[in-house]
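Undergrad: I'd like to go over a predicted model; first the sequence, then the structure.
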Amino acid sequence: PLRPWASTTSILRSSETPNVSPLAGALFVLSTTAVALLSPTGTKSLANINDLRKKFGAWLSGGTFALGLAISGMTKNSKVHDFLCLSGFSHQSYDPTLMTVMGSGILASALAYQLIPGFSSLSPKSKLLLKSPLSLPDGNFDGVPTNRTIDLQLLAGTTIFGLGWGITGICPGPALYAAAAGVVDAIVAWIPAFCVGSYVGMGVKEALFGGGGGTKKSKTI
């Protein structure tokens, strides 16, 4: 049953070198950097310090993530398709490397959570515990996710995301990496479609689930 699907999507798994424009990549990086630098900052000194810490944390996290994508080869959409296409088992072409990257990410996250009070198995008095994440003021852990609810809104969003990821073989992280590297298809096709999809998705979320401040409540599973 998977053979027709594999044949139809074979063009997406092409290993041919993509059309790359260094100029387009430079313009994309400059435009996104300008948006980040021109974002409003607080007027108080403490607010400015916290804003700088957030930007430094974002820079460090983004740089590390991009480096990991490049080294692992996860910027190639063929990696995703060769992982999701189970027919590769019979053709001896199945690529499990994506699972290794996922496992490494989960392990790193699990170890990092051991440094956060309330999430760690260490003693509450341990000196290894952090006062706060790098990008937040001391004692502030508001950025740590605590929601464990599995509802229809979550399931709908993850299903749509999975469909898009599986069809194109690329998700937001590798897409931004590709755009910054000057891959023309990512700049002129994926990024605009991502922006439009995000806008439409927010409207659908507001209509079906009431958004963040609506009165509608999604059913909990």
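TA: Cool, got the structure. Residues are numbered from 1 along each chain as shown.

Undergrad: burial of residue 66, as a residue count?
TA: When neighbours are counted by other CB atoms under 10 Å, residue 66 registers 17. To be clear about C-beta, it is placed using only N, CA and C from the backbone, and glycine gets the same treatment.

Undergrad: quick check: longest helix of this structure.
TA: helix 45-72 (DSSP state H).

Undergrad: which residues of the chain score low on pLDDT?
TA: Segments of the chain classed as low confidence (criterion: pLDDT under 70) are 1-17, 36-37, 39-51, 53, 132-144, 211-221.

Undergrad: quick one on the thing from earlier: and the longest helix of the chain, what does it pack against?
TA: Applying 3 or more CB pairs under 8 Å, 6 or more residues apart in numbering; DSSP states H and E, we find helix 45-72 packed against helix 97-113, helix 172-180.

Undergrad: next, the angle helix 45-72 makes with the next helix or strand along the chain from that helix.
TA: Proceeding C-terminally, helix 45-72 gives way to helix 77-84 as the next helix or strand, assigned by DSSP states H and E. Orientation of helix 77-84 against helix 45-72 (axes from the mean of the first three to the mean of the last three CA atoms, to 10 degrees) gives an angle of 70 degrees.

Undergrad: and helix 77-84, what does it pack onto?
TA: The contact analysis (3+ CB pairs under 8 Å, 6+ apart) places helix 77-84 against helix 97-113, helix 152-168.
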